[in-house]
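>>> Okay, predicted coordinates and the sequence, questions at the end:
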Amino acid sequence: QKEVEQNSGPLSVPEGAIASLNCTYSDRGSQSFFWYRQYSGKSPELIMFIYSNGDKEDGRFTAQLNKASQYVSLLIRDSQPSDSATYLCAVVNYGGSQGNLIFGKGTKLSVKP
Amino acid sequence: DAMVIQNPRYQVTQFGKPVTLSCSQTLNHNVMYWYQQKSSQAPKLLFHYYDKDFNNEADTPDNFQSRRPNTSFCFLDIRSPGLGDAAMYLCATSRDRAPLNGGADTQYFGPGTRLTVL
């Protein structure tokens, strides 16, 4: 059973701080990784994707991937109250003829003003 | 300019009464997915269509069926809803399937349909 693990939180950070969200995955063959943000009662929206080891930056967001450790993280700099949401890590699972997304349960982030 | 549209946004049905959820897309994407998400749980893939090719997940109950009459529309049919089927149902699309050699097209989600079973 391919798994994606996240700490459910809640992770609470003060406004302006760096929020660090972590994710581990069990399938060593995984090559594509996504971070989605989901506000309460809403659908997931894509934040970032990363395919290569190292860091990928997009504005206040940085995704970090370490395939050897089977670990992917999302850093949010200068956290804002509007960043308060559940962050879902998703990994492409290559079963059968193509890949499907396997989601973690998400980490709930709370940014306090 | 919504790209993935789901109707209705909220659906209430009775135990055992068939229900159909609708998804449409303006992206002309080849792949359409249906996920079930229960409270504080990960979205769980039920099945997907690659063009007209239907792909069912092994653990999706027979109670769940899907139809894709054309590129733009995809339906989720729940033949006999049980209390345990109450959830958010998410439709997503992607331009193509994830190739085996790596990479993956982004999946775009609709707003979801929240299903309540009485």
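Yep, that arrived.
>>> roughly how far apart are the nearest residue in space to A:Ile50 that is not next to it in sequence and chain B?
Using Cβ to Cβ, 6 or more residues apart in numbering or on different chains and skipping the chain neighbours, the partner closest in space to A:Ile50 is A:Ala63 (4.3 Å). Backbone N, C-alpha and C define where each C-beta goes, glycine included. To chain B, A:Ala63 is 14 Å away according to Cβ to the nearest Cβ, to the nearest Å.
>>> My guess is A:Ala63 contacts A:Trp35. True?
Yes: proximity of A:Ala63 to A:Trp35 meets the contact threshold set by Cβ atoms under 8 Å, at 6.2 Å.
>>> Could you look up the SS state of the residue nearest to A:Ile50?
strand (DSSP: H, G, I helix; E, B strand; the rest coil).
>>> is chain A contacted by stretch B:17-28?
No: using Cβ under 8 Å from any Cβ of the partner chain, we find that stretch B:17-28 stays clear of chain A, coming within 11.4 Å at best.
>>> What strand or helix carries residue 47?
You didn't pick a chain, so chain A it is. Counting by DSSP states H and E, the element that carries A:Ile47 is strand A:45-50.
>>> think we crossed wires, I meant chain B
Using DSSP H and E, B:Phe47 falls in strand B:44-50.
>>> quick one: contacts of that strand?
A:98, A:100-101, A:103, B:30-37, B:54-57, B:60, B:64, B:66, B:68, B:74, B:76, B:97 (Cβ atoms under 8 Å, 6 or more residues apart in numbering or on different chains).
>>> Grab the nearest non-local neighbour of B:Lys42.
Slight slip there: residue B:42 is Ala, not Lys. A:Phe103 is the one closest to B:Ala42 (Cβ to Cβ, 6+ apart), at 3.9 Å.
>>> Now do that neighbour against B:Thr13, distance only.
Using Cβ to Cβ, to the nearest Å, one gets 26 Å for the distance from A:Phe103 to B:Thr13.
>>> Would it be right to say that B:Ser39 lies in a strand?
No: inclusion of B:Ser39 in a strand is not indicated when three-state DSSP is applied; the result is coil.
>>> quick one, phi/psi of it?
Note on B:Ser39: backbone dihedrals following degrees, to the nearest 10 are phi -50, psi 130.
>>> residues near it, how many?
Using other Cβ atoms under 10 Å in any protein chain shown, the number of residues around B:Ser39 comes to 7.
>>> Local confidence estimate at it?
B:Ser39 is assigned a predicted lDDT (pLDDT) of 91.
>>> now it: how far from chain A?
10 Å.
>>> Residue ranges in chain A under the pLDDT threshold?
Chain A contains residues with pLDDT under 70 at A:1, A:94-98.
>>> interface residues of it facing chain B?
So far as Cβ under 8 Å from any Cβ goes, chain A lies against chain B at A:4, A:8, A:31-32, A:34, A:36, A:41-46, A:49, A:51, A:88, A:92, A:94, A:96-106.
>>> Buried ones among these?
A:4, A:31-32, A:34, A:36, A:43-44, A:49, A:88, A:92, A:94, A:98-106 (16 or more other Cβ atoms under 10 Å in any protein chain shown).
>>> From those residues, which land in strands?
A:4, A:34, A:36, A:49, A:88, A:92, A:94, A:98-103 (DSSP state E).
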